[in-house]
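[1] Build the 3D model from these lines:
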Amino acid sequence: MKPIRLISGFLTVGVWTMLSRILGFVRDAMILALLGTGPFYEAYVVAFRLPNMFRRFFAEGAFNMAFVPMFSKKLQTGEDARGFAEEALAALTTVLIALTLLAQLAMPWLIFGLASGFAGQQEFTLSVEFGRIAFPYVLFISLAALFSGLLNATGRFAAAAAAPVLLNVLLVGSMTVAAAVGGDV
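    Here you go, the predicted model:
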């Protein structure tokens with residue numbers, strides 16, 4: 001029974017990951033086609049670098065690496081896994097809200113630290129604006145990673161594996177609609 005479940009989980013995650021990569025490619029191609037490689041694209045790339053850097057730490061890094069094994073152990077031993085998950089959710093949410101608010105205030109300095117060559121140029125102002133829009137992503141993706149860890153620990157892999165597909169569908173769909181109605185992509 002276990003090998004079939006392992007193969008099923010592997011195939012589920014593999015198919016959703018492949019679909020995510022394909023849609024990610026479509027997303028990137030659309031961004032380049034609609035924005036070009038000028039100041040808007042450069043500002044977008046720099047602005048999204050910040051939340052992705054923090055996402056690696058919170059969503060995929062130290063927090064998740066520590067949380068998932070501890071939650072799994074509590075789940076197997078019959079300890080209060082739900083209480084542990086609720087406490088982790090509260091702590092992570094608190095830290096991430098504080099970090100997001102702090103980053104909003106410090107965005108010009110954060111952008112300057114990432115792309116000091118943009119100082120005094122249009123790209124700098126755009127990067128700060130885009131960074132303020134994009135940074136809350138770290139809050140939501142980190143919470144999604146926590147919930148994904150909970151689902152994975154309980155043997156439910158599809159929803160967690162499909163989440164990046166949903167993000168790409170929303171981005172591709174939004175760009176398609178904006179371009180179709182003549183909106184500002």
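
[2] tell me how far the helix or strand Thr17 falls within is from the chain's mean position?
    Assessed by DSSP states H and E, Thr17 sits inside helix 2-35. Here helix 2-35 is found 14 Å from its chain centre; the criterion is CA atoms, centre = their mean, to the nearest Å.

[3] any idea how far Ala163 is from the residue nearest the centre of the chain?
    By CA atoms, centre = their mean, the chain has its centre lying nearest to Ile141, at 4.0 Å. According to CB to CB, to the nearest Å, Ile141 stands 9 Å off from Ala163. Heads up, the C-betas are built off the backbone N, CA and C, glycines and all.

[4] Low-confidence bits of the protein, can you list those?
    Within the chain, the segments meeting pLDDT under 70 span 1-4.

[5] Would you map the helices across it?
    Ranges of helices within the chain are 2-35, 39-58, 62-77, 81-114, 122-134, 137-153, 158-180, based on DSSP state H.

[6] Can you mark which positions in the shortest one are buried?
    Yep, that's helix 122-134 we're talking about. Across helix 122-134, burial judged by 16 or more other CB atoms under 10 Å covers Glu123, Phe124, Leu126, Ser127, Val128, Phe130, Gly131, Arg132, Ala134.

[7] Repeat that for stretch 42-58.
    42-51, 54-55, 58.

[8] Does anything pack onto the helix holding Thr17? Which helices or strands?
    helix 39-58, helix 158-180 (3 or more CB pairs under 8 Å, 6 or more residues apart in numbering; DSSP states H and E).

[9] Give me the angle between the last one and helix 2-35.
    Comparing the axes of helix 158-180 and helix 2-35 via axes from the mean of the first three to the mean of the last three CA atoms, to 10 degrees yields an angle of 20 degrees.

[10] for helix 158-180, packing partners?
    Using 3+ CB pairs under 8 Å, 6+ apart: helix 158-180 touches helix 2-35, helix 137-153.

[11] These: which one's closest to Gly78?
    helix 137-153 (14.1 Å; CB to CB).

[12] Now do that closest one and helix 2-35, the angle between them.
    Going by the same axes, to 10 degrees, helix 137-153 makes 160 degrees with helix 2-35.

[13] Tell me which residues are up against helix 137-153.
    48, 50-51, 54-55, 58-60, 63-64, 67-68, 71-72, 75, 85, 88-89, 92-93, 96-97, 99-100, 157, 159-160, 163 (CB atoms under 8 Å, 6 or more residues apart in numbering).

[14] buried sites along stretch 133-148?
    134-139, 141-146, 148.

[15] just those now: which is nearest Ala106?
    Distances from Ala106 to those, taken by CB to CB, are shortest for Phe135, at 10.1 Å.

[16] Might one say that that closest one is in contact with Leu105?
    No: counting by CB atoms under 8 Å, Phe135 sits too far from Leu105 to count as a contact (10.9 Å).

[17] Much appreciated, bye for now.
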